[in-house]
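Engineer: here is a sequence with its predicted model. Questions after.
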Amino acid sequence: MDMREPAEIVSFRKEVRDWVKANYPYEKADPYNYAGHERHGKDSVWFGKLGRKGWLAFRWPVEWGGSGFTPPQQLVYVDELVKAGADVPRGFGITMIGPLLFQFGTDAQKRRFLPAIARNEEIWCQGYSEPNAGSDLASLQTKAELRGDHFLVNGQKIWTSGAGIADWIFCLVRTRSEGKRQQGISFLLIDMKSPGLSIKPIKQIDGGSGFYETHFDEVKVPADQIVGKINEGWTMAKALLGHERAGASHIDLGQLAQRIRTIARQHALDGGTVMDDSEFRMRLAGLEMDADCMQYTRYRLNTAVMQGKAPGHESSIMKVFQSETLQKMFDLGLEAMGPDAMAWYDKRLPPEEYAVVMQMCYGRATSIFSGSNEIQRNIMAKRVLGLPGD
Ligand SMILES: Cc1cc2nc3c(=O)[nH]c(=O)nc-3n(C[C@H](O)[C@H](O)[C@H](O)COP(=O)(O)OP(=O)(O)OC[C@H]3O[C@@H](n4cnc5c(N)ncnc54)[C@H](O)[C@@H]3O)c2cc1C
């Protein structure tokens, strides 16, 4: 690993740092708002500013409204945003459907959809999971029949994050029921305002409703809103999941550990504070070491990218290790708060403690989405360790 940065990267880093400092709407940040997707709708001031600057779609080419950043610049950009406490651009538009359309979309689809995503003017959601199709996605049943110039869609999706603020949904649908399951799936782009499409919020543990059931009842979808060919949607599905992992969350574990330390110092235990407890300190130190290991793995990945090499298996390992370390840290933060943590629901906690409790609730999801950790371990067993399959 080589941690020195070339001069042009140093000056790019400064450019990003200065711009973020001058433009991030810190004054609008609600310390109690941890609602995730819902705050990144079209009315997001920050994403709007990034869109106008051309920095929202930071992995895209300039041609379609992206930043045109090189891979090393992308890493530095994310790094500076995280350090500044600014939200890193995310969402199904810029991280998933956009990159997929570059690869498989028609020219008309690219022209119609990409610029609006890059300017944060249209929001997308993902219609993959169904009540009986999650990890085993190929068993999906939502049906689309080709009727001349349109598809007729019937069925149900579930866990559709951000459906309440989305303008469009990309969906995997079944277009053939006989033969190999993977060979009867197609990939459709569907307007959320289509007659017959309805959504129902799912209430979450943290009180929010970030995701929804999405129902399709005789929904008409123009035939030119298919990506790729009919019955070849599985190729799109796999390509898109690769983009999903590339756009995985950016949480600074060092900052989180620091926050837990502050909380532990503020809570009494046996005549002192929680931080005076040696077992607590040992557990926190262990997790900080794990966070450091991850940081150095990230440096190794960054070095590979800076040298123009493709990242290796580190990214799958990172997904599992990061989500599990995160969950352990949140659990420790909650322990430090003791019974006080139970006062989260009506915002009686100080903002930094509320943040840990809310993020703990959300943190449970990190080992489920983007391919559950069990599925990731299966992948590592086969591809990294070369163990035999089923
Ligand atoms: C916060 C959040 C947001 C989400 N957003 C979206 C979204 O926007 N759009 C969307 O389409 N989906 C979304 N999902 C759904 C997500 O993709 C699925 O939850 C995930 O794929 C797992 O599917 P499942 O919930 O049906 O669990 P299942 O597949 O039923 O799995 C249940 C358990 O069995 C384990 N398991 C399953 N198969 C195997 C195996 N072969 N080997 C070992 N263990 C196995 C799993 O790891 C898990 O622990 C979201 C999920 C979460 C938590």
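Structural biologist: Arrived safely, thanks for sending. Numbers count the residues shown, from 1 in each chain.
Engineer: please count neighbours and contacts with C-alpha atoms only from this point.
Structural biologist: Noted.
Engineer: which residue ranges make up each domain of the protein?
Structural biologist: Domain ranges of the chain: 7-90, 124-239, 250-384, per automatic domain parsing.
Engineer: point out the most buried one among those domains.
Structural biologist: domain 124-239 (a mean of 19; mean count of other C-alpha atoms under 10 Å).
Engineer: let me see the mean pLDDT of it.
Structural biologist: Mean pLDDT, domain 124-239: 95.
Engineer: quick one: that domain near the ligand?
Structural biologist: Yes. Using C-alpha under 6 Å from any ligand atom, domain 124-239 comes into contact with the ligand via 126, 127, 128, 129, 133, 134, 135, 136, 159, 160, 161.
Engineer: start and end of that domain, how far apart?
Structural biologist: Distance across domain 124-239, first residue to last, is 17 Å (C-alpha to C-alpha, to the nearest Å).
Engineer: tell me how far it lies from the chain's centre.
Structural biologist: Between the centre of domain 124-239 and the centre of its chain there are 19 Å (C-alpha atoms, centre = their mean, to the nearest Å).
Engineer: got it, and stretch 42-55?
Structural biologist: That offset, for stretch 42-55, works out to 18 Å (C-alpha atoms, centre = their mean).
Engineer: identify the residues contacting it?
Structural biologist: Defining contact as C-alpha atoms under 8 Å, 6 or more residues apart in numbering, one finds that stretch 42-55 is touched by 23-25, 40, 56-57, 62, 65-67, 89, 118-123.
Engineer: could you do stretch 139-154 as well?
Structural biologist: 129-130, 132-133, 155-157, 172-175, 181, 215-224.
Engineer: now render the domains of the chain as CSV, adding distance to residue 114.
Structural biologist: Converted to CSV, the domains of the chain look like this (distance: least, C-alpha to C-alpha, whole Å):
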stretch, distance to residue 114
domain 7-90, 6
domain 124-239, 11
domain 250-384, 23
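Engineer: among these, single out whichever gets nearest to residue 100.
Structural biologist: Residue 100 lies closest, by C-alpha to C-alpha, to one member of the domains of the chain: domain 124-239, at 7.1 Å.
Engineer: look up how far the ligand lies from the residue in the chain sticking out farthest from the centre.
Structural biologist: The outermost residue of the chain, judged against the average C-alpha position, is residue 271 (42.6 Å), by C-alpha atoms, centre = their mean. Noted for residue 271: a distance of 40 Å to the ligand, by C-alpha to the nearest ligand atom, to the nearest Å.
Engineer: same thing with residue 324?
Structural biologist: Computed as C-alpha to the nearest ligand atom, the residue 324 to the ligand distance reads 13 Å.
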